[in-house]
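Sequence and predicted model, in that order:
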Number of protein chains: 2
Amino acid sequence: MSTKTSISGFLEWLPDQQLVEERFIDIARTHFERAGFTPLRCRAIETMDTLLQKGETDKEIYAVRRRGGDDAADKNSWGLHFDLTVPFARYISERLQTLVFPFRRYQIQPSWRGERPQEGRYREFIQADIDIVNRGTLPLTCDIEVIAVLLEVLRALPMPKVTLHLNNRKLMDGFFRGLDIADGADALRKIDKLAKIGEASVGELLRENLSEAQTAALLRFCRISRPDVSFVDEVRQIGIRSPLLDEGLEELVLLFEANAHAAQGRMLVDLRIARGFDYYTGTVAEGFMEGFENLGAICSGGRYDNLVAEGGRLREAYPGVGMSIGISRILGILMGRGHLAASRATPTCVLVALNNSGHTATAIRIASTLRSRGIPAEVFGQPVAYGKQIQYAEKKGIPYVWFHDVKGDQAHEVRDLGRAVQVEADLETWMPEAALLSPEIVYKGPENK
Amino acid sequence: MSTKTSISGFLEWLPDQQLVEERFIDIARTHFERAGFTPLRCRAIETMDTLLQKGETDKEIYAVRRRGGDDAADKNSWGLHFDLTVPFARYISERLQTLVFPFRRYQIQPSWRGERPQEGRYREFIQADIDIVNRGTLPLTCDIEVIAVLLEVLRALPMPKVTLHLNNRKLMDGFFRGLDIADGADALRKIDKLAKIGEASVGELLRENLSEAQTAALLRFCRISRPDVSFVDEVRQIGIRSPLLDEGLEELVLLFEANAHAAQGRMLVDLRIARGFDYYTGTVAEGFMEGFENLGAICSGGRYDNLVAEGGRLREAYPGVGMSIGISRILGILMGRGHLAASRATPTCVLVALNNSGHTATAIRIASTLRSRGIPAEVFGQPVAYGKQIQYAEKKGIPYVWFHDVKGDQAHEVRDLGRAVQVEADLETWMPEAALLSPEIVYKGPENK
């Protein structure tokens, strides 16, 4: 029915790897729900108007239309979402009267972008987003809580230590104002290139529109990177002041101090962090995996003050704060480099062997009984030589093989393949070693302590 | 950032409904994994060649292409998958040397079809598939086990009782042969309409190509519907014989008997069940929810003998057997009719109230401590009047509100909103009522016993 037709940039895991992804996502889900974020799933398709309303044509959108539909009428009208924020905003805007605010949700789904694939970057990729959105105003407490939850999740996941680099757009914009920089967006875009092209080149770019003194002050500002609140003194020493700058400093200090205990050195105030998007208005953050910093941020987000705007009517603001974890990016890097694997390639704990096709019903019943006791079990379908059945179990990493009607009597025996020991067993009471009950994620990368 | 842009036929749940979907899918996942099916996720996109190779243009495929790409070169080359079988077959065909056979996987993902939406039918819909595929031959034991697992899952899900209608294509094809019916495919297509247009109309259609005696025998065959193996005698009494018919009868009896104990009356041999697809070659099954039979099958599947064919080379067969559960269909019907709901609209068990923004860090720490003890907790962001904070909890169904620094001292108190009782509480030892820890599915439909 099928021949080989690979499409580049579309990640698909092998069975053992898919087990890792499932477990990985389950850990994230558990922690998100424990923090009161409700699950959400949005459709894959949006109207092109919705996808393009921020003018983000650089997102390499995939257009969708009915095959055989009317081209002229249909063309470009729908597309696959390129992130989870746009569908989430649209979802809220359609249910303003139904949802209870503040609304907090998590969303773990694929998105699609037609970009050039590379390590950790795919055309179909899964992200895990959390956001809190309110009607009217949203207190800084929500920024603090989103960062707190993110820190909890990143610590619980089997991956290298992640350091969150924090900044605040008010702080940056206030600094621009204090420096009399008129085109802050232009300066931001240039600063955003620091990691890519370095300080000297960014300095040259900045000097196109700014004086030597402005450029020097700005670069000094961007150099500030502190694991504690001493960044305030450093900013003060530059001698630039503005009310917005003060507000940004205060917010960042509050955010930092409220989470310092939980973060245990995993937060860094890093005044270079700009985040490209126009819509961030306060807290911004990017997280980097220790040892893999050069592969880019594996999570990012921040505060936005007008995600959802009510169409023609009196516009009430719907500010929000959220973070997005790049699940496919993290797993692509860690599995690609052999740092993450499953302890076996199947959920099965016990293979029920079949010695005679006349015993099929018995074998089915044995497997069913084990399952009803919480023990993952499958039946080997063919009554071939036991050696072949054991070989199958070994190939998949199934730890136990169950034999019945051994030597023609009604006795049951179970073979522990790891120890090469076979013993009599009672179907109603036998238990596997606890560690062998289910496949587990084996993480072999840098420590996450 | 967004205005209202609904697209018809694309299901999106409200938060409490999404919680139901998540729990529902989790139950299915747990049972699939317990039966040794490994998770799999395929990309959303296939080449149009792969999607169309069975000539299934009636599937209303959505075409995908890069926006702004070269129309002439790009047009129609990719599409969204319309089921999970085609991507699964393609996945296997690309990994014949890597996978260990028999290969068993489950897959729970959306698919897309541009059909006219109606109750239980959507343009984006989630299915949960299980399949076992082998290289060479696949024993009947696998058919038996897939049906056994399906019965276990359907019994575990919070939904009406499902009766599985079983048939076997060998039995049907063998009966055609015994009756000297040359064009079995034509007869099958007509029989497939029995549920829609009734026996009289199907009889008329059959008489176009068949004699009166053939038509009568065929309709008598299709009328056979038995909750036990007495169907064998009924078929025998028609007096038609063929070796293939015998084989089909034997397979169906074995399948039925091996699962009879577990099925407890949830299986029906129903010789009308044809399943439209060409590729079924043995066991076929469709499941119907009690009380909702008129809305169509909520699960279906069967045995196919050549899902994957190795391209130009010596074709080795990859037979398989699988079943698909229509998650969106079931939930659309049950939630649409109010039979299924979540016990509350959020995972949160405890809302940590905030009486003063100076206490934000404390509130964050309290929530974090509760979470670390497994108790879902969130902080209310604004230090508004307690009444308003309690109102928010009530709207979302959060059962407890936590107060700290009550009356200015360090004491903690927790309010049980259901009982309207507020008591002192210790952060390290307090536990909620077990039933209130997490939201649960509340099923109010017909009994599933």
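Arrived safely, thanks for sending. Numbering: from 1, shown residues only, chains lettered A, B, ... in the order given.

wait, isn't residue A:404 in contact with residue A:424?
No: the pair residue A:404 / residue A:424 is not scored as a contact, 11.3 Å apart, by C-beta atoms under 8 Å. Every C-beta, even on glycine, is put in place using the N, C-alpha and C of the backbone.

who touches the residue positioned nearest the centre of chain A in this structure?
In chain A, the residue lying closest to the centroid (C-alpha atoms, centre = their mean) is residue A:325, at 2.7 Å. In this structure, residue A:325 makes contact with A:28, A:127-129, A:150, A:153-154, A:298-299, judged by C-beta atoms under 8 Å, 6 or more residues apart in numbering or on different chains.

just residue A:434 next, same as before
When contacts are counted by C-beta under 8 Å, 6+ apart, residue A:434 touches no other residue.

ok, now residue A:355?
Residue A:355 neighbours (C-beta under 8 Å, 6+ apart): A:383, A:386, A:403-405.

ok, back up a step: tell me the confidence at the residue nearest to the centre of chain A?
Residue A:325 carries a pLDDT score of 98 in this model.

just the one 10 residues further on next, same as before
Residue-level confidence at residue A:335 comes out at 96, pLDDT.

who touches the helix or strand hosting it?
When secondary structure is defined by DSSP states H and E, residue A:335 falls within helix A:327-336. Counting by C-beta under 8 Å, 6+ apart, the neighbours of helix A:327-336 from elsewhere in the structure are A:11, A:13, A:17, A:20-21, A:24-25, A:28, A:108, A:119-122, A:124-128, A:157, A:159-160, A:289, A:292, A:295-296, A:298, A:340-341, A:443, A:445.

Now, the contacts of residue A:325 that are in helices?
In helices, defined here by DSSP state H, the members of the contacts of residue A:325 are A:28, A:150, A:153-154.

Keep only those residues that also lie close to chain B.
Among these, none lies close to chain B by the criterion of C-beta under 8 Å from any C-beta of the partner chain.

Chain B: which of these is nearest?
Closest approach to chain B among these (C-beta to the nearest C-beta): residue A:153, at 10.7 Å.

isn't that closest one right next to residue A:32, touching?
Yes: contact status for residue A:153 versus residue A:32: in contact at 7.0 Å, counting by C-beta under 8 Å.

Taking the ones in helices among the contacts of residue A:325, tell me the two that lie furthest apart.
The distance between the two most remote of the ones in helices among the contacts of residue A:325 (C-beta to C-beta) is 10.3 Å, for A:28 and A:150.

The two: which has the busier surroundings?
Each of residue A:28 and residue A:150 has its neighbours counted (other C-beta atoms under 10 Å in any protein chain shown); residue A:150 has more, 26 against 19.

what residues are up against that one?
A:130, A:164, A:285, A:287, A:299, A:323, A:325.

Got phi/psi on the third one?
According to degrees, to the nearest 10, the main-chain angles of residue A:285 amount to phi -150, psi 150.

residues touching it, list them.
By C-beta under 8 Å, 6+ apart, residue A:285 lies in contact with A:147, A:150, A:164-167, A:273, A:299-302, A:323.

try the fourth one
Residues in contact with residue A:287 (C-beta under 8 Å, 6+ apart) are A:150, A:154, A:162-165, A:297-300.

Narrow those residues to those in strands?
Per DSSP state E, strands hold the following members of those: A:162-165, A:299-300.

Using PDB, write out every CA atom in the helix holding residue A:335.
Provided in PDB are the C-alpha atoms of helix A:327-336 (Å, rounded to 0.1, in the frame of the first residue of the first chain):
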ATOM      1  CA  ILE A 327       9.700  20.100  22.900                       C
ATOM      2  CA  SER A 328      10.800  19.000  19.400                       C
ATOM      3  CA  ARG A 329      13.900  21.200  19.700                       C
ATOM      4  CA  ILE A 330      14.900  19.700  23.000                       C
ATOM      5  CA  LEU A 331      14.200  16.100  22.000                       C
ATOM      6  CA  GLY A 332      15.800  16.600  18.600                       C
ATOM      7  CA  ILE A 333      19.000  17.800  20.200                       C
ATOM      8  CA  LEU A 334      19.100  15.300  23.100                       C
ATOM      9  CA  MET A 335      18.000  12.200  21.300                       C
ATOM     10  CA  GLY A 336      20.000  13.100  18.200                       C
END
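
what's downstream of that helix, the next helix or strand?
Beyond helix A:327-336 on the C-terminal side, the first helix or strand identified by DSSP H and E is strand A:340-342.

So that following strand, near chain B or not?
No: in terms of C-beta under 8 Å from any C-beta, no part of strand A:340-342 sits within range of chain B; the closest distance is 9.4 Å.

Give me the distance from that strand to the chain's centre.
Taking C-alpha atoms, centre = their mean, to the nearest Å, the mean C-alpha location of strand A:340-342 is offset from the chain mean by 17 Å.

How about residues contacting that strand?
Here strand A:340-342 has contacts from A:16-17, A:19-20, A:23, A:158-159, A:331, A:334-335, A:439-445, using C-beta under 8 Å, 6+ apart.

Partner strands of the helix or strand hosting residue A:307, with direction?
Secondary-structure element containing residue A:307, defined by DSSP H and E: strand A:299-309. Within its sheet, strand A:299-309 is paired with strand A:280-289 (antiparallel), strand A:317-326 (antiparallel), according to DSSP bridges.
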